[in-house]
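S.K.: Sequence first, predicted model second:
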Amino acid sequence: MIQSQLINELDTAAIVRTGPLSESEQNMIYSRILELLADEQGVGPLEREEIARSLFAEIVGFGPIQSLLDDPTISEIMINGAKQVYIERNGRLELTPIRFASDLEVMHIIEKIVTPLGRRIDESSPMVDARTTDGSRVNAVIPPLSLKGPSLTVRKFSRDPFKIDDLIRFGTLSRQMAVFLAACVRARLNVFVSGGTGSGKTTTLNVLSSFIPSDERIVTIEDAAELQLAQDHVVTLETRPSNLEGKGEISVRQLVRNALRMRPDRIVVGEVRSGEALDMLQAMNTGHDGSLTTGHANTPRDMLSRLETMVLMAGMELPVKAIREQVAAAVDLIVQQSRLKDGSRKITHITEVQGMEGDVILLQDLFVYKQTGIGNDGKVQGQFVPTGVVPKFIDRFEIMGVTLPPDIFMAEEHAAAGAGGNGQSAAGVTGLRRR
């Protein structure tokens, strides 16, 4: 009753549709809720505050999950029907006490999220994948596809994008690895970030993209735009789903092809998962070096196998050897990222693609994460170590005027210094220079 009265009085629904509320608008709505509750008999002061907060979240925000969205320690929210809400915090899943009154309330929240984004969800379109205005990624599936009721997954993104110093502090990689990857991006090597779902590929891709010089034109292509690049000259492209008639879809592959006509210095693709892999490889092989992208795979070798499969999905009946030659010529480096048992995310391999030998693509690990055990606190223990191998593309750094510390690939020294990567300084990253 109070909720309906407020919407009629303040036209709150229209305010929410047009954009986020200002602080003064929020204060006005909250004050009006307290005024209306004051007229309700039998409601005590403490109860009144609790009801007011609940009504405010329902009208202005997203009901029971608003507190989860506001919590910066929560990275993902998973709603499995009305009676089960999980979150991810510090890499671990937790069941929350939050419950919805019914599946209809979950549907209301889903519609409230996706409608302002220009997306719709109903029985004829029971799935939606979208991005909110703050960069968070939203996926919703409703009955009849979801048998336990409406399902909603929200992957939150930090308002302030992570920097390389943050990844070093988290123990995702060591300082030496950070210096090397920054040099690879500035030397215009083609880099694939490989890993499983939730392993942190997009975060790493965003950090790597930050090393692209500000005087270059960057074109980013994503299903749902998540990258947050700080450079000024960035063109952001996003796919479009088909309409109710099944027409109007714009795929990643179409956007990659179009990007080649946009005079890009760098092409950054959020993820390749289908036939666009062929267009991406051809772009890498025809002058668009320095491209960055991600793909799903558990090891660097698996990433190459998946690339072969994705190229075949383009509908081109190419011999396997021809595909492998394209891959070997296009990809310079594979950065393998994994989510470990304790929920931590680490770059487990930085691997060079060295070329072909017969019908086989040669790979060489340059840096690896060696796990040594599990601590009493359940945390994975290990260290980042260089393998001692100097990459074949080392001459590219000299040509591009990018310098590296001379001892960066020395295994003995860094094996002793790289225990876990936690708390290490990133001074060498910012000190990387062009001559």
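M.R.: Sure thing, it's come through.
S.K.: Any stretches of the chain with poor pLDDT?
M.R.: In the predicted model, the chain carries pLDDT under 70 at residues 1-23, 25-26, 36-37, 39-48, 50-51, 53-61, 133, 244, 411-435.
S.K.: how would you label the nearest residue to Lys83 once chain neighbours are set aside: helix, strand or coil?
M.R.: Distance criterion C-beta to C-beta, 6 or more residues apart in numbering; nearest residue to Lys83, sequence neighbours excluded, is Arg99 at 5.5 Å. For glycine as for every other residue, the C-beta is placed from the backbone atoms N, C-alpha and C. Three-state assignment for Arg99 (DSSP: H, G, I helix; E, B strand; the rest coil): coil.
S.K.: quick one: the residue nearest to the spatial centre of the chain and Met78, what's the gap?
M.R.: Among the residues of the chain, the one closest to the centroid is Thr202, at 3.3 Å (C-alpha atoms, centre = their mean). Distance of Thr202 to Met78, given as C-beta to C-beta, to the nearest Å: 18 Å.
S.K.: do Ala225 as well
M.R.: Using C-beta to C-beta, Ala225 is found at 22 Å from Met78.
S.K.: For Val385, pull up the helix or strand it's in.
M.R.: When elements are assigned from DSSP states H and E, Val385 belongs to strand 380-386.
S.K.: could I get that strand in PDB with only the CA atoms?
M.R.: Output in PDB follows, covering the C-alpha atoms of strand 380-386 (Å, rounded to 0.1, in the frame of the first residue of the first chain):
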ATOM      1  CA  VAL A 380      47.300 -22.600  -1.400                       C
ATOM      2  CA  GLN A 381      51.100 -22.300  -0.900                       C
ATOM      3  CA  GLY A 382      53.500 -21.900  -3.800                       C
ATOM      4  CA  GLN A 383      55.800 -19.600  -5.700                       C
ATOM      5  CA  PHE A 384      56.100 -17.900  -9.100                       C
ATOM      6  CA  VAL A 385      59.300 -18.900 -10.800                       C
ATOM      7  CA  PRO A 386      60.900 -18.100 -14.200                       C
END
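S.K.: ok, now which ones touch the residue nearest to the centre of the chain?
M.R.: Taking C-beta atoms under 8 Å, 6 or more residues apart in numbering, we find Thr202 in contact with Glu226, Leu227, Gly270, Glu271, Thr294.
S.K.: In strands only, show me those residues.
M.R.: Applying DSSP state E to these, the entries found in strands are Thr294.
S.K.: mind putting the contacts of Thr202 in CSV, neighbour count and distance to Asp129 included?
M.R.: Output for the contacts of Thr202, formatted as CSV (neighbours: other C-beta atoms under 10 Å; distance: C-beta to C-beta, whole Å):
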residue, neighbour count, distance to Asp129
Glu226, 20, 12
Leu227, 22, 16
Gly270, 24, 12
Glu271, 19, 12
Thr294, 25, 16
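S.K.: Tell me how many other residues crowd the residue nearest to Ile33 when sequence neighbours are not counted.
M.R.: Leaving out its chain neighbours, the residue that sits closest to Ile33 by C-beta to C-beta, 6+ apart is Ala52, at 4.8 Å. Around Ala52 there are 19 other residues, counting by other C-beta atoms under 10 Å.
S.K.: My guess is Ala52 contacts Ser31. True?
M.R.: No. Ala52 is beyond contact range of Ser31, at 9.5 Å (criterion: C-beta atoms under 8 Å).
S.K.: now for the strand ranked longest in the chain, which elements pack on it?
M.R.: If you go by DSSP E, the chain has its longest strand at strand 360-374. With contacts defined as 3 or more C-beta pairs under 8 Å, 6 or more residues apart in numbering; DSSP states H and E, strand 360-374 has these neighbours: helix 175-186, helix 300-312, helix 320-330, strand 345-357, strand 380-386.
S.K.: just the ones you listed: most buried one?
M.R.: Highest mean neighbour count among those (mean count of other C-beta atoms under 10 Å): helix 175-186, with a mean of 24.
S.K.: now that helix against strand 360-374, angle please.
M.R.: Relative orientation of helix 175-186 versus strand 360-374 (axes from the mean of the first three to the mean of the last three C-alpha atoms, to 10 degrees): 150 degrees.
S.K.: list the contacts for the residue nearest to Lys83?
M.R.: Pro64, Ala82, Lys83, Val85.
S.K.: Separate out the buried members of the residues you listed.
M.R.: Among these, the ones that count as buried by 16 or more other C-beta atoms under 10 Å are Pro64, Ala82, Val85.
S.K.: how about Lys321, what does it touch?
M.R.: Contacts of Lys321 (C-beta under 8 Å, 6+ apart): Asp359.
S.K.: Neighbours of the closest residue to Ser274 other than its chain neighbours, how many?
M.R.: Counting by C-beta to C-beta, 6+ apart, Ser274 lies nearest to Met313, which is 5.1 Å off, once chain neighbours are set aside. Neighbours of Met313 under the rule other C-beta under 10 Å: 15.
S.K.: correct me, but Met313 touches Gly275?
M.R.: Yes. Assessed by C-beta under 8 Å, Met313 is found in contact with Gly275 at 4.8 Å.
S.K.: thinking again about what came up before, adjacent strands (with direction) for the longest strand of the chain?
M.R.: strand 345-357 (antiparallel), strand 380-386 (antiparallel) (DSSP bridges).
S.K.: what's next to that strand, contact-wise?
M.R.: With C-beta under 8 Å, 6+ apart as the criterion, strand 360-374 contacts 174, 176-177, 180, 300-301, 304, 324, 327-328, 334, 340-342, 346-356, 380-387, 389, 391, 409.
S.K.: And it, what's buried?
M.R.: Buried residues in strand 360-374 (16+ other C-beta under 10 Å): Ile361, Leu363, Asp365, Leu366, Phe367, Val368, Tyr369.
S.K.: what's the angle between that strand and helix 300-312?
M.R.: Going by the same axes, to 10 degrees, strand 360-374 is angled at 130 degrees with respect to helix 300-312.
S.K.: buried residues in the helix or strand where Asp165 lies?
M.R.: In the assignment (DSSP H and E), Asp165 maps to helix 164-170. Neighbour counts over helix 164-170 (16+ other C-beta under 10 Å) mark Ile164, Asp165, Leu167, Ile168, Arg169, Phe170 as buried.
S.K.: Output those residues in a markdown table, with distance to Ser209 appended to each entry.
M.R.: Output for those, formatted as a markdown table (distance: C-beta to C-beta, whole Å):
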| residue | distance to Ser209 |
| --- | --- |
| Ile164 | 11 |
| Asp165 | 16 |
| Leu167 | 13 |
| Ile168 | 17 |
| Arg169 | 19 |
| Phe170 | 18 |
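S.K.: looking at it, Val331 is touching Gly355, isn't it?
M.R.: No. Look at Val331 against Gly355 with C-beta under 8 Å: they stay out of range, at 10.5 Å.
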